[in-house]
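> Got a sequence here, can you model it:
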Amino acid sequence: MNLTFRPMAVSDWWEVAEIYRQGIETGNATFQQEIPSWDDWNSGHIKSCRIVVVIENEIVGWAALF
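Numbering: from 1, shown residues only. So this is what the prediction gives:
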């Protein structure tokens, strides 16, 4: 398995939002009740501290700082 970390790009948002949705459904990953819009999410996170985790060209995780 080839695990890669790279900076998050705007074009990654749909895949990141899907992972975010899955986290909301668990009730453990966030206090949010719905997926924020890209603009809301973007304005609330430090732009230089966003990464995605990629396995075989698929984003499987992400992290960002507020």
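> Go through this structure and flag its longest helix.
For the chain, the helix with the greatest residue count under DSSP state H is helix 13-26.
> measure the residue nearest in space to the middle of the chain to D40 for me?
What sits nearest the mean C-alpha location of the chain, by Cα atoms, centre = their mean, is V16, with 3.6 Å. Applying Cβ to Cβ, to the nearest Å, the value for V16 to D40 is 13 Å. Using the backbone N, CA and C atoms, a C-beta is placed for each residue, glycine as well.
> any shared contact partners between those two?
Residues touching both V16 and D40 by Cβ atoms under 8 Å, 6 or more residues apart in numbering: none at all.
> picking up where we left off before, buried sites along the longest helix of the chain?
Buried positions in helix 13-26, judged by neighbour count with 16 or more other Cβ atoms under 10 Å: W13, E15, V16, A17, I19, Y20, I24.
> ok, those residues vs G44, which is closest?
Y20 (12.5 Å; Cβ to Cβ).
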